[in-house]
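Participant: Sharing a model that was predicted from the sequence below.
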Amino acid sequence: MAFGAGLTSSKSYLFFSTLHFLAFVMALTVCGLYGVELDRARKADKYADANWVFAVVVGGLSALSSILFCIPFILRFAFKWVWDLILFILWVAVFGVFAGIYIHEKPEGNNDIRRMKHAVWVDLVNMLLWLVIAVSAFAYWLKHRETRSRFTSRAIV
């Protein structure tokens, strides 16, 4: 059986679609939280901080990937889990950057700092969610990969 065959009518498709929907929602949340800072820099006619741009780009890539991965055909690619792993690593970087800046910061009534402290925890959720997606996709790939050659029907060692 080819990798992903029968995926659309299975529990695995529902499981992966649910995970990707959650990842989509969380990615849009990050884009909104950090987009506020980008919009503020634009209105002040200043350069946008690379940290916020990076967070929004990672959020955008995650949202786009989540939408694409809800299409059954896309889930059939054997090394989809590699892209999931790359997104996990990008979220580790986003979390690391903003945790280093805001985790120990005292808000003291400053709503911007409070929002950024909340954004750090959303980054953590995104990071963990993409880890679960990557590990699940890898496990699915291991279980359903082809074990015979297409050309000779010999077992692949």
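Facilitator: The structure has been received and is ready for your questions.

Participant: Packing partners of the helix or strand bottoming out on mean pLDDT in the chain?
Facilitator: Ranked by mean pLDDT, DSSP states H and E, the helix or strand of the chain with the weakest confidence is helix 72-75, at a mean of 70. Contact here means 3 or more C-beta pairs under 8 Å, 6 or more residues apart in numbering; DSSP states H and E; on that basis helix 72-75 packs against helix 11-43. Glycine gets a C-beta too; all of them are placed from N, C-alpha and C.

Participant: The helix it packs on - what's its average pLDDT?
Facilitator: Averaged over helix 11-43, pLDDT sits at 91.

Participant: Show the subsequent helix or strand relative to that helix.
Facilitator: Using DSSP states H and E, the helix or strand that follows helix 11-43 in sequence is helix 50-68.

Participant: what comes up buried for that next one?
Facilitator: Residues of helix 50-68 classed as buried by neighbour count (16 or more other C-beta atoms under 10 Å): W52, F54, A55, V56, V58, G59, S62, A63, S65, S66.

Participant: Look up how far F95 lies from the spatially closest residue to the third one that is not a sequence neighbour.
Facilitator: Same thing as A55. By the measure of C-beta to C-beta, 6 or more residues apart in numbering, the closest residue to A55 outside its immediate chain neighbours is Y34, 4.3 Å from it. Y34 sits 13 Å away from F95, taking C-beta to C-beta, to the nearest Å as the criterion.

Participant: So which of these two has more stuff around it?
Facilitator: Y34 (28 against 22; other C-beta atoms under 10 Å).

Participant: Verify the contact between that one and W52 for me.
Facilitator: Yes - counting by C-beta atoms under 8 Å, Y34 touches W52, with 4.7 Å between them.
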